[in-house]
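Undergrad: sequence and predicted structure below; questions after.
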Amino acid sequence: MTAMQPPTTWRSVLPHLDERLPPDRTPEHAGADGVQVNLPMELVRQSVLHKEHWDIPAEVVEAYKAFRPTPLWRAKGFERAVGARVPIYVKYEGGNISGSHKLNTALAQAYYYAKAGVKELVSGTGAGQWGTALAAACAMFGMKCTVFMVGNSLRRKPYRGTLMRTLGATVHASPSPLTEVAAQSEAGVNSLSLAIGEAVEYAARTEGAAFCIGSGETYSILHQSVIGLEAADQLAAQDAQFDAVVGCVGAGSNFGGIALPFFAAASATGAEPPLLLAAESSTTPKLTRGTYAYDRTDATGTGPMEAMYTIGSSYPIPDSHSAGLRFHGAAKVLSAMRHRDQIAATAVGQVDALDAGRLFTRSEMVLPAPESGHALAAVARLAAGGAEGNNGPLRSGKGVVVCVSGHGYLDLGAYQQLLDGELSDVSPDPGELRRAMTDLQPAGALAGVGAGRER
């Protein structure tokens, strides 16, 4: 890879984990045929094989060239604004048609599904970045696209729907009148889990269609490794010194993309990896207040049960402007690493996140998405002297790398509320959290090895 070209291989972290990931489980209510997984075989292989380097298809590399490599710079203005004691390096993923990092895996998945003969891709989306990325990828590879978007988010950001439709997608607000899972949901429920559940049901009954997902699966995190691989080369070119890498976490593709290549590189040489800090929403604190257990990934419960850090798929997540972070569980690879204390986590409220986004906009002239604001708030605390957690403060002595996962131009309503003093945080109800996690099954042999800690 040269400075002017995107990577031509993805890098998997799986060969560098101490143990294999806990196997998925079939839900108790699954029918006689069990769980049906409609995945191209290459995506299956990318999820299970302990192969470190995967060639990126030439067609996908060509598509990447339209927006990759993405920029990395030292954010000196933001350093001054937050009183940082160490350098802050920003990797920015918002400069493509989708406005976020999601296009990295959307292009790869559309390529593999099209090659497998699928005519239509169906998915659920929270903030809309994934839906937009999938719509763009489907347009590029000549496929139909149907998206179920969390209704509250679509009403706040109607132009996300407009952009998806401009790209040729059909967009439904979730809950919709089209699915049984929505009809059976509690009144007023708006969640990414439900939107995904609707997409799963719709795809299952539609000929030529397949459900695909953009964040928590191991193959999607592999595709996102282009972020960290590029960042490593760009940091080396600047002779940058750093000892912490930060990203926001919904299910985990952004954080996994920026952080896990650094873990793999350190493991390959026997070096100490940098601190890998996941910044999640305080409304959905799976990594900081959740449990490591088997849980379903969508509201239908028809998919395999995965080992994850979760607050329970039945938990009614409080509303927030960071719809992309409102998913009840973390990716199984990140969850396993969290359980082994290989990554750290911190929770950030939306007021702090958007305030960090405001400071970043004024100091760096880039408007970040609210989701990215969570990572920026965590970086501000870390670079200024420490991020408080259950085990005391963490500090960076050299520098901090942060991924700004997308732009916030379709989130100006959230910033308007912040500027008008109308924004507030809603904390999860402890009793509701306990109830949602009560009946979950511990995640196999790894349960009890040592709970992940907030840091």
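TA: Thanks, I have the structure now. Numbering: from 1, shown residues only.

Undergrad: so which bits of stretch 222-232 are buried?
TA: Residues of stretch 222-232 classed as buried by neighbour count (16 or more other CB atoms under 10 Å): 222-232. To be clear about C-beta, it is placed using only N, CA and C from the backbone, and glycine gets the same treatment.

Undergrad: what residue ranges in the protein score low on pLDDT?
TA: 1-3, 28-37, 187-188, 299-300, 302, 387-392, 444-455 (pLDDT under 70).

Undergrad: just give me the longest helix of it.
TA: Ranked by number of residues, the top helix in the chain under DSSP state H is helix 253-269.

Undergrad: tell me what that one is packed against?
TA: Contacts defined by 3 or more CB pairs under 8 Å, 6 or more residues apart in numbering; DSSP states H and E place helix 253-269 against strand 9-11, helix 218-223, helix 225-237, strand 244-249, strand 275-281, helix 332-339, strand 400-404.

Undergrad: downstream of the last one, the next helix or strand is which one?
TA: Just to be clear, that refers to strand 400-404. Counting by DSSP states H and E, the next helix or strand C-terminal to strand 400-404 is helix 412-419.

Undergrad: now do the buried residues in that following helix.
TA: For helix 412-419, by 16+ other CB under 10 Å, it's 414-415, 417-418.

Undergrad: thinking again about what came up before, make JSON lines from the buried residues of stretch 222-232 and add distance to residue 429 to it.
TA: Conversion of those to JSON lines gives the following (distance: CB to CB, whole Å):
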{"residue": "222", "distance to residue 429": "36"}
{"residue": "223", "distance to residue 429": "36"}
{"residue": "224", "distance to residue 429": "33"}
{"residue": "225", "distance to residue 429": "37"}
{"residue": "226", "distance to residue 429": "39"}
{"residue": "227", "distance to residue 429": "35"}
{"residue": "228", "distance to residue 429": "36"}
{"residue": "229", "distance to residue 429": "41"}
{"residue": "230", "distance to residue 429": "41"}
{"residue": "231", "distance to residue 429": "38"}
{"residue": "232", "distance to residue 429": "41"}
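
Undergrad: ok, back up a step: for residue 269, which of the helices and strands packed on helix 253-269 is the nearest?
TA: Closest approach to residue 269 among these is made by helix 225-237 (12.4 Å; CB to CB).

Undergrad: give me the angle between the closest one and helix 253-269.
TA: Counting by axes from the mean of the first three to the mean of the last three CA atoms, to 10 degrees, helix 225-237 lies at 60 degrees to helix 253-269.

Undergrad: re the thing from before, could I have the longest helix of the chain exported to PDB, CA atoms only?
TA: In PDB, the C-alpha atoms belonging to helix 253-269 read as follows (Å, rounded to 0.1, in the frame of the first residue of the first chain):
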ATOM      1  CA  SER A 253     -17.700  -1.900  13.400                       C
ATOM      2  CA  ASN A 254     -16.300   1.600  13.700                       C
ATOM      3  CA  PHE A 255     -14.300   0.800  16.900                       C
ATOM      4  CA  GLY A 256     -13.300  -2.600  15.500                       C
ATOM      5  CA  GLY A 257     -12.100  -1.000  12.300                       C
ATOM      6  CA  ILE A 258      -9.900   1.600  13.900                       C
ATOM      7  CA  ALA A 259      -8.700  -0.400  16.900                       C
ATOM      8  CA  LEU A 260      -8.300  -4.100  16.000                       C
ATOM      9  CA  PRO A 261      -5.600  -3.700  13.300                       C
ATOM     10  CA  PHE A 262      -3.400  -2.100  16.000                       C
ATOM     11  CA  PHE A 263      -4.000  -5.100  18.300                       C
ATOM     12  CA  ALA A 264      -3.200  -7.500  15.600                       C
ATOM     13  CA  ALA A 265       0.000  -5.700  14.700                       C
ATOM     14  CA  ALA A 266       1.200  -5.600  18.300                       C
ATOM     15  CA  SER A 267       0.300  -9.300  18.800                       C
ATOM     16  CA  ALA A 268       2.300 -10.300  15.700                       C
ATOM     17  CA  THR A 269       5.500  -8.700  17.000                       C
END
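
Undergrad: and stretch 139-152, end to end?
TA: In stretch 139-152, first residue to last residue: 26 Å (CA to CA, to the nearest Å).

Undergrad: chain center to that stretch, what's the gap?
TA: Relative to the chain's own centre, stretch 139-152 is displaced by 18 Å; criterion: CA atoms, centre = their mean, to the nearest Å.

Undergrad: okay, buried residues for it please.
TA: For stretch 139-152, a neighbour-count test (16+ other CB under 10 Å) marks 139-141, 143-152 as buried.

Undergrad: which members of the residues you listed are the farthest-apart pair?
TA: With CB to CB as the measure, no two of the buried residues of stretch 139-152 lie farther apart than 141 and 152, at 30.5 Å.

Undergrad: ok so, going back, for the helices and strands packed on helix 253-269, which one sits closest to residue 108?
TA: The closest of the helices and strands packed on helix 253-269 to residue 108 is helix 218-223. By CB to CB, the value is 4.5 Å.

Undergrad: so what touches the closest one?
TA: Contacts of helix 218-223 with the rest of the structure, by CB atoms under 8 Å, 6 or more residues apart in numbering, involve 10-14, 21, 43, 46-48, 54, 104-105, 108-109, 213-214, 252-253, 256-257, 260, 331-334.
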